[in-house]
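Asker: Build me a model from this:
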Amino acid sequence: MRVVIRDGIRPAHHAELAVLVEEAFVGIETSGVEVHVEPATRARDSFTGRAYGGRPARPRSDPDTRFLVRLKVPRVIRNRAYPKTYRYPGRKTAPEITVRNWQERLVALAAHEAFHVRQFREGLRRSEILAERWAAERLASWCVNGGSVEAPGRAAPAIRAGVQATLFDPAG
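Answerer: Okay, here's the model as predicted:
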């Protein structure tokens, strides 16, 4: 899996973002997957995502990419207005997900999009409800295994083997 952190997001968060995305993809085959973490241009677009069942022409991605995931986060990531409980818009049977901080919110978002990659790869029916259920389960598992971050301002974890994190170079 290749994780690309776009310009415009505070550099102090880059390594942590890459690790959180990797954690969200646990249980999903990641070969041929590229994840772009991008700054949201509007506040309402923060913590939204999209998975592509193929390699779109835009944004640019690696030629070996089979599945692209785009995650939008605020330019400056803060722990404000948490805990937060939400449900996928317009889906009454989707589970409610409660997150205690931005890290948990990113794990849940990335896990949701990771499940769509699984659906694309296996030719399964696209289901937002199943993706939300997977996200809720992945988040719960991540928290139980000590993944939850309580202390604000802690040092960013090292990037683990198997994840290639790169900064976007607009010139090339």
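Asker: So, low pLDDT: which residues of this structure?
Answerer: Low-confidence segments of the chain, defined by pLDDT under 70: 148-172.
Asker: helix or strand for the most centrally placed residue in the chain, which one?
Answerer: Of all residues in the chain, the one closest to the mean position by C-alpha atoms, centre = their mean is residue 110, 2.6 Å from it. Under the criterion of DSSP states H and E, residue 110 resides in helix 102-122.
Asker: Also residue 22?
Answerer: Following DSSP H and E, the helix or strand that holds residue 22 is helix 14-24.
Asker: The residue nearest to the centre of the chain: what's its closest spatial neighbour, skipping adjacent residues?
Answerer: Using C-beta to C-beta, 6 or more residues apart in numbering and skipping the chain neighbours, the partner closest in space to residue 110 is residue 24 (3.3 Å). C-beta: built from backbone N, CA, C; applies to glycine.
Asker: Number of residues surrounding that neighbour?
Answerer: As a burial measure, residue 24 scores 28 neighbours (other C-beta atoms under 10 Å).
Asker: Repeat that for residue 133.
Answerer: A count of nearby residues for residue 133, using other C-beta under 10 Å, gives 17.
Asker: my hunch is that it is in a strand, does that hold up?
Answerer: No. The assignment for residue 133 by DSSP: H, G, I helix; E, B strand; the rest coil gives helix, which leaves it out of any strand.
Asker: can you tell me which residues contact it?
Answerer: Contact criterion C-beta atoms under 8 Å, 6 or more residues apart in numbering gives 94-95 as the residues in contact with residue 133.
Asker: Now do it against residue 11, distance only.
Answerer: Using C-beta to C-beta, to the nearest Å, residue 133 is found at 34 Å from residue 11.
Asker: Also residue 99?
Answerer: The spacing between residue 99 and residue 11, counted by C-beta to C-beta, is 24 Å.
Asker: With residue 90 instead?
Answerer: Distance of residue 90 to residue 11, computed by C-beta to C-beta: 36 Å.
Asker: Note down every partner strand of the host helix or strand of residue 3 and its orientation.
Answerer: Counting by DSSP H and E, the element that carries residue 3 is strand 2-5. With DSSP bridges as the criterion, the sheet partners recorded for strand 2-5 are strand 33-39 (parallel), strand 164-167 (parallel).
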